[in-house]
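Visitor: Quick one: sequence plus predicted model below, questions after.
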Amino acid sequence: MNESQINLTTMLRFLRERVGLTREQLISRMENTISLSTLIRWERGDSEPSMSLEQWHLFSNAVGVPLGKLPYPMNKKGVPSELETEIPA
């Protein structure tokens with residue numbers, strides 16, 4: 001696990017707990033687009049969170065933090081990985 005993964009996994013759990021959501025409630029607010037086992041693995045740092053941009057939007061709405069304030073994974077160009085194919089080099 002690298003430093004950015006630690007920060008991202010810590011942030012996911014912190015924001016969820018800050019608004020008083022259980023894991024199940026967060027998943028429900030994210031329209032069941034992730035599984036409980038996946039969320040647990042992410043929060044434990046067993047695997048790196050990999051969500052689509054739509055899922056990041058759902059997460060940001062669920063925890064009340066604007067998407068632009070979340071440290072979702074960026075590529076080397078500084079854009080969300082999911083958008084890389086949409087942005088010319």
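Guide: Structure's in. What do you need?

Visitor: what's the closest non-adjacent residue to Gly31?
Guide: Heads up, residue 31 is Glu, not Gly. Computed as C-beta to C-beta, 6 or more residues apart in numbering, the closest residue to Glu31 that is not its neighbour in sequence is Leu58, at 6.1 Å. Placement of C-beta: from N, CA and C, glycine included.

Visitor: cool, Phe59 as well?
Guide: Met30 (6.0 Å).

Visitor: need the longest helix for this structure.
Guide: Ranked by number of residues, the top helix in the chain under DSSP state H is helix 3-18.

Visitor: Show me the contact partners of whatever helix or strand comes next after that one.
Guide: Following helix 3-18 in sequence order, the next helix or strand is helix 23-29 (DSSP states H and E). Under the criterion C-beta atoms under 8 Å, 6 or more residues apart in numbering, residues 16, 21, 34-36, 39-40, 43, 58-59, 61-63 lie in contact with helix 23-29.

Visitor: Tell me the spacing between the closest residue to Thr9 other than its chain neighbours and Arg13.
Guide: Leaving out its chain neighbours, the residue that sits closest to Thr9 by C-beta to C-beta, 6+ apart is Gly45, at 4.5 Å. Remark: distance between Gly45 and Arg13 (C-beta to C-beta, to the nearest Å) = 10 Å.
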